[in-house]
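Chemist: quick one: sequence and predicted model below, then my questions.
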Amino acid sequence: MYEVTLLVDALFPRGWEHYLLGGLLIGLGTVIVYVGTGIHAGASTFLESTLSYGSKLRRFQQPRFVASRDWRVVFTLGIVSGAAGYSLATGEFGWTTAVQPWRLFLGGILIGVGTRLGKGCTSGHGVCGIGSGSRTSVLNVATFMLVAVGVAQLVMAMGVQP
Amino acid sequence: MSGAGVVAEHESHPLFLPLVFLGGAVFGVGLAVSRMARPEIVLEFLQLRDLGLVFVMGGASVLVGLVFWGLTLSGRSAPLTGKRFGRRLKSMDRDVIVGGGVFGVGWGLSGICPGAAYASLGIGNVVILYGVAGMFLGAYLQGYLRERGADAATPSPAD
């Protein structure tokens, strides 16, 4: 029993309960949209559907982006508001990351390219796709998970913190 | 607000947008509670120093999977849209793997992903705007390059 406790502490130094609770709430948010509308809400399509407001590129003017762009803005505003409300209530509001801006910006560009080329992200493939038992999503998630672990290890080995 | 000739998905029911907002808000609370809105925590997972993210993605996908499965089997349609309940299935091609790989490099470098970045802005982390700007730029770049590629592949009609 003591060994199990040690193992849990080693794998989850901050505990695991809030991770599970947060994950269930992420799932509940997805379920709320799905039960009412039948839509599988992912977070990354918002990037392209929002570009359709300003760009005339045919890629962004596809009906699937134009028809969904309004509710995707509302969904994203909901995410921002929910996180803001929680952090204000707990007094965490105003926390800022120590990850360097160049990493956020360069990583962001790759995320913009990769999630749109790969048809989804951690929520579209990772939550909705895995939850659907989709083979495509399992392969996509396995790919980005393995690559991300490798890259994060490399960045850490090169002495870049955090 | 919708473009000419395209019916926006929310034009069907007055409760559509409020429900989407509520779902987004609960989703955002989940990202804040699980600390996924903090890139540092995601990076610690990818550095294999704190495996909590397994519970986040696991908890979310199991709950979502049960509901998707049950409602798909029921054969019913969603009350606000009339859309038939179904699973999220995307076609498999090379882009799924290449895109996943490119996303993985970005995620491993920065510790952010789209949903978590929006939530991060919500907790007041204004520095994340560098990441959000990058994401829009990346999404634009792939759209621009793919459209050029498609134009090059199909000869334009002579006029």
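Modeler: Alright, I've got the coordinates.
Chemist: and the contacts of the helix or strand residue A:7 falls within?
Modeler: Secondary structure from DSSP states H and E places residue A:7 in helix A:2-11. Residues outside helix A:2-11 that contact it (CB atoms under 8 Å, 6 or more residues apart in numbering or on different chains): A:16, B:50-51. In this view, the C-beta of every residue, glycine as well, is placed from N, C-alpha and C.
Chemist: who wins for most neighbours among those?
Modeler: Compared across those, residue B:50 has the highest neighbour count, 22 neighbours, by other CB atoms under 10 Å in any protein chain shown.
Chemist: go ahead and confirm that residue touches residue A:15.
Modeler: No. If you go by CB atoms under 8 Å, residue B:50 and residue A:15 don't touch, sitting 9.8 Å apart.
Chemist: list the buried residues of stretch B:75-94.
Modeler: Going by neighbour count (16 or more other CB atoms under 10 Å in any protein chain shown), the buried part of stretch B:75-94 is B:78, B:80-81, B:83, B:85, B:87-88, B:90.
Chemist: ok, back up a step: residue A:152: which of the contacts of helix A:2-11 is nearest?
Modeler: Proximity of those to residue A:152 (CB to CB) peaks at residue B:50, which lies at 12.2 Å.
Chemist: is the closest one in a helix, a strand, or coil?
Modeler: Secondary structure for residue B:50, judged by DSSP: H, G, I helix; E, B strand; the rest coil, is coil.
Chemist: the helices in chain B, which residues?
Modeler: B:16-33, B:39-46, B:53-74, B:94-110, B:114-122, B:129-153 (DSSP state H).
Chemist: if we can go back for a sec, make a markdown table from the contacts of helix A:2-11 and add distance to residue A:31 to it.
Modeler: Formatted as a markdown table, these follow (distance: CB to CB, whole Å):
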| residue | distance to residue A:31 |
| --- | --- |
| A:16 | 22 |
| B:50 | 27 |
| B:51 | 25 |
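Chemist: format the residues you listed as JSON lines; extra columns: pLDDT and distance to residue B:58.
Modeler: Putting the contacts of helix A:2-11 into JSON lines (pLDDT from 0 to 100; distance: CB to CB, whole Å) gives the following:
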{"residue": "A:16", "pLDDT": "95", "distance to residue B:58": "10"}
{"residue": "B:50", "pLDDT": "97", "distance to residue B:58": "15"}
{"residue": "B:51", "pLDDT": "97", "distance to residue B:58": "10"}
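Chemist: give the contact list for the most centrally placed residue in chain A.
Modeler: Centroid-nearest residue in chain A, with CA atoms, centre = their mean: residue A:122, separated by 4.4 Å. Residue A:122 makes contact with A:43, A:141, A:144, B:57, B:107, B:113-116, according to CB under 8 Å, 6+ apart.
Chemist: doesn't it belong to a helix?
Modeler: No. Remark: residue A:122 does not belong to a helix; assigned using three-state DSSP, it is coil.
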